[in-house]
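# Here's a sequence, model it:
(3 chains)
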Amino acid sequence: MNATRAFGRIVWRTWPGRLGIVFVGMMVLAALVSLVWTPYDATRVVPSDKWLPLSTTHWFGTDGAGKDLFSQVLVGARTTLFVALLSSAIAALVGLTLGIVSAVTPRHTGEAIAHLIDILIALPTLILALVLVAALEGSLWTVSLAIGFGSGVVLARVVRAEVARVLTHDYVLAATAAGSSTWRTVWRHILPNIAPIVIVQLSLVAALAVLAEASLSYLGLTPISTPSWGRMLEGLQQSASVHPWAIVFPGLAVVLATLGFNLLGDGLREAIDPRLHTRVATPSLAFNATIERQAER
Amino acid sequence: MIEAAEATNHDAPLLRAEGIRRDFPLPRTTLFGPRPVRRALRGVDLTLKVGGSVGIVGESGSGKSTLVRILLGLDRATAGTVTFRGRPIAPGRRRDLQWFRREAQIVLQDPLSSLDPRLRVASIIAEPLRCLAVDEDHDARIDEVLTAVGLEPDMRDRYPHEFSGGQQQRIAIARAIAPRPAVLVGDEPVSSLDVSVRAQILDLLGRLAAEHDLSLILVSHDLGVVRYLCEDVLVLHDGAVAESGRAEDVLGRPQAEYTRQLVAAVPRLPRPTVASSEY
Amino acid sequence: MTIDTEPTLLAVTDLVVDFGAGAVVDRVSFVMQPGDRVGIIGESGSGKTLTALSVVGLAPDSASVTGSVRWHGQELLGRSDRELSRLRGEAIAMVFQNPMTSLNPVMRVGRQIAEPLRLHHGLSRSAAGAAAVELCRRVGLPDPAHAARAYPHQLSGGQRQRVGIAIALACRPALLITDEPTTALDVTVQAEVLALLHDLIEERDAALLFITHDVALVSGITDHLLVMRKGTIVEEGPTAQLVAAPQHPYTAQLIAAARATALEDA
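Sure, this is the predicted structure:
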């Protein structure tokens, strides 16, 4: 669709958007590459090779067990990306469902659900994650579920406001007058028009997920078998005073990934706002159109 | 059967509203006792003949938008009935009102807002055809209505924001006539448009009404617009009918005090003189 | 450089406003003397609003404004915002279209009317407050003392617009610029607000620059008319004459369209 490509181009034009795309892109690339190739087996312990400095054979060096750091970072990217994407997906599901239902259903039900959303928002996400991980086994799925749900309810509030805004547009009324059912209107008109804002929010959820996953695996709450940046940080932390360089890499990876998603969110947000107004032919038209619309409400 | 008999009789009203009342509950001021209400409509009657055109004028708060929603079954009246060819209309399950949706369509005020910015023109016009399960070739019908409103059929692949305000309103009109309704309702259809485009759109509506046997209901705060297009007029004031009758009578020689005030308040143009370039 | 007692009130010469995609206001020139009532009429995209905004330096930052705008002989374009803000509200005042958004919703209207008085004339709070109540009375607000203490949302659209006019005229400006001041109002309210504007301008001897798309409106309140189309002035002249017998084809078309949907001449 030409609209999406034009949109992407606008995001690329903004500095936050560009950096965001680059950083996230690097992470995605690392994750994809790690599926087919890593310089060494990330889990292979070679005691004789421990604490090797940066070299052409070990691009990031090795850790205290002789495991290649670069390979670990690559594989860790996979874990982080998985959690980020899964959390976003769950957040999207929870947020869209709750938000749309509360905005579209008749007054009393809608408000009841809105209050429910507010109550759920009060649950702190990370603690929920800890509780879930303690109760069920600590897998990437439970971590993603916790983060996804916690962020999802926050998203629900944003979605509710956006849907309410879109509902004031006449094309929704026109669709009803044309015989469209409520759910058809939601699917065809409301979802596409709230998509930009939701995507921005989801990029922020992804950023949060990166940090949350790193934190949880740092705390040892994720399975040992899954290499991840958080685990790397935890392992390398103890020897950081003697071997400071090693810990920089997973740390930098976490920072870049989080920053990347945040910047991507900023870039997307910049791309959305001006576009809504430059759609119209001339500045005066936009002036008059928005002012008249406000006046008539 | 009743419907057949009513349809052939051109004098029988097509759409008829009787005693329409609409109350809106206001927030409570006291814990006990009755809740205050805002009486948006207080016993309004309206009759639309086949092939007729009725204008509804009034200022803000007069209840004209509320009335239109009730006429279209988009809102439920507190009291009173609305019938179309004798059949009652009341909002309810979507399925129950589909028959009426096929017969009555609406054109809204702000073309920018009434067209989904993410859909192409073809999809926008096809929507009523799809939702109402109209049984004909949709693509052909889209081309047909685009031509009827004075646009090129190849504009079907464009997005609303690529058009001017007048053209967008034409698209909205095309969407409205696509399912071949019997009644076309315009809610301030030209208020957002430039002056030079207004007459064109009104002429278009008039022409379509004549060619396609449409009956019109036009809501406007602009008396001149109603005078231009409508045979009959209903003047609403504070939820009640101040005056009704033939447009040229009511607007030209108003009887009711409110109508007189309204007509007097409209700014007038100085008369044209002979020495002007060709119009 | 001319002295500050240049008689001509406002002299706009070759004003160009460009957003980078072509000039939206393309070499507009006109002159106003003290007490003149000039109307600018045009459709959407004609550049009329931007012209007015550019006079007081309120064009959006993304626009490049070139040409000359002289106020009593002093060039205004290129002046700093600080210098221009001394003029705004005091010598040149604006009344905007939408009374709902042009008033601060969380400030009582009396205080909003008093603000220009305190800012430009240095009045004390009590003196400005009293003047504000008097202005409320002058613009026809019922129970002025009470009205001054109201918040904008407690007033009707017409009343809000009266407040807007009070704010604009508080410091007795030499020039009042109004942009579609009555478009958002009901017809009966519109007539009252226009009559009010007319009286106040007469009373205070202010010049008026009235911008609108409504030909009938502009005929009632202006003496001289500029017709704008796509950024340029296509015709100008005495209002009554222009409307009764337009010469330029665009003007003729515009007025013919207005006549088509107008009620009969009084």
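# in chain A, which residue is closest to the centre?
Geometric centre of chain A, nearest residue: residue A:206, 1.7 Å, by C-alpha atoms, centre = their mean.
# Against chain B, how distant is it?
Going from residue A:206 to chain B by C-beta to the nearest C-beta, to the nearest Å gives 24 Å. To be clear about C-beta, it is placed using only N, CA and C from the backbone, and glycine gets the same treatment.
# List the contacts of that residue.
By C-beta atoms under 8 Å, 6 or more residues apart in numbering or on different chains, residue A:206 lies in contact with A:84-85, A:87-88, A:261.
# Looking at those, which is nearest chain B?
Distance ranking of the contacts of residue A:206 against chain B, using C-beta to the nearest C-beta, places residue A:88 first at 21.9 Å.
# which residues are contacting stretch B:97-107?
A:173-174, A:177-179, B:15, B:68, B:71-73, B:84, B:87, B:89, B:91, B:114, B:128, B:131-132, B:134, B:169, B:172-173, B:175-177, B:179-187, B:189.
# List the residues that contact residue 20.
No chain specified, so I'll use chain A. Residue A:20 neighbours (C-beta under 8 Å, 6+ apart): A:11, A:203, A:260-267.
# my bad, the chain I had in mind was chain C
Contact analysis of residue C:20 by C-beta under 8 Å, 6+ apart lists C:62, C:64.
# same deal with residue C:233?
The contact partners of residue C:233, taken as C-beta under 8 Å, 6+ apart, are C:28-30, C:226-227.
# now, among those residues, which is nearest to chain B?
residue C:227 (12.1 Å).
# Next, residue C:172: phi, psi?
The phi/psi pair for residue C:172 (degrees, to the nearest 10) reads phi 50, psi 60.
# Quick one, grab the pLDDT at it.
For residue C:172, the pLDDT comes out at 88.
# Can you tell me which of the contacts of residue A:20 is closest to residue C:264?
residue A:11 (56.5 Å; C-beta to C-beta).
# and residue C:28, that one's in a helix?
No: counting by DSSP: H, G, I helix; E, B strand; the rest coil, residue C:28 is located in no helix; its state is strand.
# I am assuming it contacts residue C:52, so please confirm or correct that.
No: counting by C-beta atoms under 8 Å, residue C:28 does not reach residue C:52; the two are 10.5 Å apart.
# what does stretch C:190-197 contact?
B:264-267, C:139-140, C:158, C:161-162, C:165, C:178, C:181-182, C:185, C:208, C:217, C:220-221.
# any idea of the mean pLDDT in that stretch?
Here the average pLDDT along stretch C:190-197 is 90.
# can you check stretch B:143-163 too?
For stretch B:143-163, the mean confidence score works out to 91.
# Could you find the closest non-adjacent residue to residue A:148?
residue A:90 (2.6 Å; C-beta to C-beta, 6 or more residues apart in numbering or on different chains).
# Next, find the distance separating the one you found from residue A:169.
Using C-beta to C-beta, to the nearest Å, we find residue A:90 at a distance of 29 Å from residue A:169.
# ok so, going back, and the residue nearest to residue A:148, what is it in contact with?
Contacts of residue A:90 by C-beta under 8 Å, 6+ apart are A:144-145, A:147-149, A:152.
# and if you look at residue C:52?
Residue C:52 touches C:40, C:94, C:177, C:179, C:209, C:211, counting by C-beta under 8 Å, 6+ apart.
# got a pLDDT number for it?
90.
# helix, strand or coil for it?
Strictly by three-state DSSP, residue C:52 counts as helix.
# same deal with residue B:57?
Assigned with three-state DSSP, residue B:57 falls in the strand class.
# you'd agree it is up against residue B:232?
No: between residue B:57 and residue B:232 no contact is recorded; they are 11.2 Å apart, counting by C-beta under 8 Å.
# okay, those two: which has more neighbours?
Between residue B:57 and residue B:232, counted using other C-beta atoms under 10 Å in any protein chain shown, residue B:57 has the larger neighbour count: 30 against 22.
# Please list all residues in contact with the more buried one.
B:64, B:219-223, B:226, B:233-236, B:262.
# Kindly recompute the last result at 10 Å.
B:64, B:218-223, B:225-227, B:230, B:233-237, B:242-243, B:247, B:250-251, B:259, B:262-263, C:187 (C-beta atoms under 10 Å, 6 or more residues apart in numbering or on different chains).
# which residues in the stretch 151-297 of chain A form helices?
A:170-177, A:182-185, A:191-218, A:229-237, A:244-278, A:283-296 (DSSP state H, counting those that start in this stretch).
# Looking at the stretch 1-150 of chain C, which residue is nearest chain B?
Closest point on the stretch 1-150 of chain C to chain B, by C-beta to the nearest C-beta, is residue C:43, at 4.0 Å.
# backbone phi and psi for that residue, please?
Torsion angles, degrees, to the nearest 10, at residue C:43: phi -90, psi -170.
# and what of residue C:37?
phi -120, psi 100.
# Return the set of residues that bridge with it.
residue C:208 (DSSP bridges).
# and it, how many neighbours?
For residue C:37, using other C-beta under 10 Å, the count is 21.
# again, but for the one 4 residues further on
Residue C:41: 30 surrounding residues under other C-beta under 10 Å.
# how near is the closest residue to chain A within the stretch 101-250 of chain C to residue A:238?
Closest to chain A within the stretch 101-250 of chain C is residue C:184: 3.6 Å, counting by C-beta to the nearest C-beta. Residue C:184 is 69 Å from residue A:238, where distance means C-beta to C-beta.
# More neighbours: which of the two?
residue C:184 (24 against 11).
# need the strands for the stretch 1-150 of chain C, in chain order.
Per DSSP state E, counting those that start in this stretch, the stretch 1-150 of chain C has strands spanning C:10-18, C:23-32, C:37-41, C:64-71, C:74-75, C:92-95. These are given in chain order.
# Just name the most buried of those strands.
Ranked by mean neighbour count, the strands of the stretch 1-150 of chain C are led by strand C:37-41 with a mean of 26 (mean count of other C-beta atoms under 10 Å in any protein chain shown).
# any idea of the angle it forms with strand C:10-18?
20 degrees (axes from the mean of the first three to the mean of the last three C-alpha atoms, to 10 degrees).
# List the residues that contact residue 228.
No chain specified, so I'll use chain A. So, once contact is read as C-beta under 10 Å, 6+ apart, residue A:228 ends up touching A:72, A:75-80, A:82-83, A:140, A:213-214, A:216-218, A:222, A:234, A:250, A:254.
# that answer is for a different chain, and I need it for chain B
Neighbours of residue B:228 in contact, by C-beta under 10 Å, 6+ apart: B:55, B:190, B:198-199, B:202-203, B:205-206, B:218, B:220, B:222, B:247, C:260-263.
# which SSE is it in?
helix B:223-229 (DSSP states H and E).
# For the closest residue to chain A within the stretch 1-150 of chain C, give its distance to residue C:178.
As assessed by C-beta to the nearest C-beta, chain A sits closest to residue C:45 within the stretch 1-150 of chain C, at 4.4 Å. To residue C:178, residue C:45 is 20 Å away according to C-beta to C-beta.
# swap in residue A:166?
Relative to residue C:178, and taking C-beta to C-beta, residue A:166 is found at 34 Å.
# Show me which of the two is the more surrounded one.
Using other C-beta under 10 Å, the more surrounded residue of residue A:166 and residue C:178 is residue C:178, with 26 against 21.
# Surely that one forms part of a strand?
Yes: the assignment for residue C:178 by three-state DSSP puts it in a strand.
# surely it meets residue C:94?
Yes: using C-beta atoms under 10 Å, residue C:178 makes contact with residue C:94 at a distance of 7.2 Å.
# tell me, what's touching those two both at once?
C:52, C:164, C:168, C:209.
# possible to save the strands of the stretch 1-150 of chain C as TSV with mean pLDDT?
Shown next, in TSV, are these (pLDDT from 0 to 100):
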stretch	mean pLDDT
strand C:10-18	93
strand C:23-32	92
strand C:37-41	95
strand C:64-71	92
strand C:74-75	90
strand C:92-95	88
